[in-house]
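> Okay, sequence plus prediction incoming.
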Amino acid sequence: MSPPTDDAERSATDGGTAETATGTEAETEAATVRRSSNTFLGDAWVNFKRWTTKSVRNPFVLVVSLAQPIIFLILFTQVFGQVATGAISGPGGASISYETYLVPAIVIQVALAAAITSGIGLVNDIEEGMFEKVLVTPMSRTAVFAGKTAAEVVRIIAQMSIILVLGVLLGADIATGLPGAVGIIVVGLLFSLWFVSLSNAIAVITKDQESTIITMNLLQFPLLFLSSAFLPLESLPNWIQTFARYNPITYGVDAARALMLDADVMTVLDVNAFTGLWNAVIPGAAVLVVLDIALGSIAVYLLTQASSSSAQ
Amino acid sequence: MSAIDAAEVTLTYADGTEAVRGIDLDIPEGEFFGFLGPNGAGKTTAIKTFTTLLQPTSGSVTVNGFDVASEPRAVRESIGYMAQETSVDEELTATENIRFACEAYGVPKTERADRIDELLDLVDLAAAADKEAEGFSGGMKKRLDAAMALVHRPPLVFLDEPTTGLDPKARNRLWEYFRRINGEGTTIFLTTQYLEEADQLCERIGVILDGEIVATGSPAELKRRVGGEILDIGLDGNEPARERAATVAADSDLFEDEATVETTDEGISVTSRRAREAGTDLLVALRDEDLSVIGFNIRAPTLDDVFLAITGESVDEDGEADDGDRTNEHNEAGAAEASPAAADGGNR
């Protein structure tokens, strides 16, 4: 609907209101009904504010979704650190610590865990009736979801930054420095978007909090372990290597790890069109973008379906 | 222009449930209209169709002059909607909830602060303005929900069972607000399961059952169709005693031939406009027949009575419309034929 039409409708509505008004009081009231027109960015901003307020107010979620990755980071480096160093000394050249090797994987794990809460937020909204309430407002539905997703992106960036800082404090070394750290976060974001889409899609389908949480958690661990996240693929059984080839986590982790180590660590795709680490980062990012678009479209489709007719 | 103009609206869900089967409505601006019906009658489905949440399967709906199918956004701008389940964001404060609604409905920035204060006052939440809604009582949440539906001063407000689950005090308070905004010119479309609520608030009532409107009229008209107030008399004794009491009541001219008499599990039930005036005399007449009365009560007709009068169907405990629950009880009691056979003085 184009803005001019909207305005015409709006004044028509106001005209109608004035006609209804019988008493003087009602007439002055009707006259004060001047509404600023809703814009896409305005609507998105309103929803961004709402979701940001919610997550700031409820830091518990933020902390809990960070807790598991942090536990992984500490346990893995302490328990497997000694053993794993042998296995990883291949790809990155001479001597890299397991901390350095693991941090990019944990960043991806954070993106994964944070994305799960996106769907939970949506289910909460459906259960609380806020979803329907928002649908009855004149806000653009796309803007509503854009605002919510933007709020989640900001949160995920904050969480990934925390992990990077913590990793460096534990002794990890980002070979590409600050620009590399920013790059890792960008890769993490590209990675999170498909999982955000997936968790929202599952939320719309199940419309149930427990189902969403269980499904997403069930996916989380097999996906993490059957990838290049914790150990180089060469040191893993063949069937895992095969699975990892089709596992999005491998692409996210390899792209992030390439930036961490400043080396082409991607083994599942043999790209030599670029130089050095870009042979891993560019193909990895490309795969993630394709996934984002595919799952994003599915999620948008399901959300539009759910909102255009909420017939259960 | 009508606030709501619905013509032959039907809505069939994907699973084949025909929730609404041909509704015609014309609600003039400024009216307080009530949609009265049991659970599952199609009230919520109808309201969701009018508020653009559901697309009608067939038929057309115009709200404030806008077509719900082709101009949903214009409809949404011109209505307020309070859903059956209380919907507030519990992690936000009362003020933040109302502010969100203001922003969602495009209330200009310069007016927002005043509007928020005004609404907080209207629903008596000024004291809890900066508290998170999570700690609110059910009544407070409902009131906050109501405030959120009113931010843009919509000329038409939909209230889907707004007082279900509230205690009488909270309910009366909400009724006050609804009367006030209606008094200021707002059209109100309300659904309810309670005849009392419709009676208290509405100028006109549509009775909905199984997706169809079975009667429309003012509360007084509908109650007239029930035939007056109901006198329940409890009797000490068995079937024959109750049957005999029913005959006494039916044959007496105490009610001037305008009474419906039925036997119940406890005794008999007399529906008459003269229930109050003639009640005492009937009790005396029963005593004269050596029937011992163990209790009596005069009450206003309930939704159940209205349904029984209009459709001949009763409403069971779950509120689902069902074929003559009361008659079934009579069957068990072995007096099934007593009710229709009893005096029904040519009133219909």
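Looks like it arrived, so ask away.

> Could you find the closest non-adjacent residue to the residue in the stretch 101-250 of chain A that chain B sits nearest to?
Using Cβ to the nearest Cβ, the closest approach of the stretch 101-250 of chain A to chain B is made by A:G129 at 2.8 Å. C-beta coordinates here come from the backbone N, C-alpha and C atoms, glycine included. In space, and not counting its chain neighbours, A:G129 is closest to B:S87: 2.8 Å by Cβ to Cβ, 6 or more residues apart in numbering or on different chains.

> how about the closest residue to chain A within the stretch 151-300 of chain B, secondary structure?
Proximity of the stretch 151-300 of chain B to chain A (Cβ to the nearest Cβ) peaks at B:G185, 3.6 Å away. In terms of secondary structure, B:G185 is coil; the call rests on DSSP: H, G, I helix; E, B strand; the rest coil.

> I'd guessed it sits against B:F32; true?
No - the pair B:G185 / B:F32 is not scored as a contact, 11.3 Å apart, by Cβ atoms under 8 Å.

> before we move on, the earlier item: distance of the residue of the stretch 151-300 of chain B closest to chain A relative to A:G183?
As defined by Cβ to Cβ, to the nearest Å, B:G185 lies at a distance of 60 Å from A:G183.

> all strands of the stretch 101-250 of chain B, in order?
Taking DSSP state E, counting those that start in this stretch as the criterion, the stretch 101-250 of chain B carries its strands at B:156-160, B:187-192, B:204-209, B:212-217, B:229-236.

> centre of the chain versus the longest one, how much separation?
It refers to strand B:229-236. 25 Å (Cα atoms, centre = their mean, to the nearest Å).

> Quick one: mean pLDDT over it.
Per-residue pLDDT values across strand B:229-236 average out to 89.

> Likewise for the shortest one?
Strand B:156-160 comes out with an average pLDDT of 95.

> Does that strand reach chain A?
No - Strand B:156-160 does not reach chain A (Cβ under 8 Å from any Cβ of the partner chain); its nearest approach is 8.8 Å.

> Can you give the strand pairings for that strand, parallel or anti for each?
Within its sheet, and counting by DSSP bridges, strand B:156-160 is paired with strand B:79-82 (parallel), strand B:187-192 (parallel).

> Quick one: those as TSV, columns for mean neighbour count and mean pLDDT too.
Formatted as TSV, these follow (neighbours: other Cβ atoms under 10 Å in any protein chain shown; pLDDT from 0 to 100):
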stretch	mean neighbour count	mean pLDDT
strand B:79-82	26	94
strand B:187-192	26	94
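
> out of these, nearest to B:M140?
Across the strands paired with strand B:156-160, B:M140 has its closest neighbour in strand B:79-82 (14.3 Å, Cβ to Cβ).

> The residue of the stretch 101-250 of chain A closest to chain B contacts B:M82, doesn't it?
No - with the criterion set as Cβ under 8 Å, A:G129 and B:M82 do not qualify as a contacting pair; they are 10.0 Å apart.

> just to revisit the earlier point, for the residue of the stretch 101-250 of chain A closest to chain B, give me its contacts.
With contacts defined as Cβ atoms under 8 Å, 6 or more residues apart in numbering or on different chains, A:G129 is in contact with B:A83, B:E85, B:T86, B:S87.
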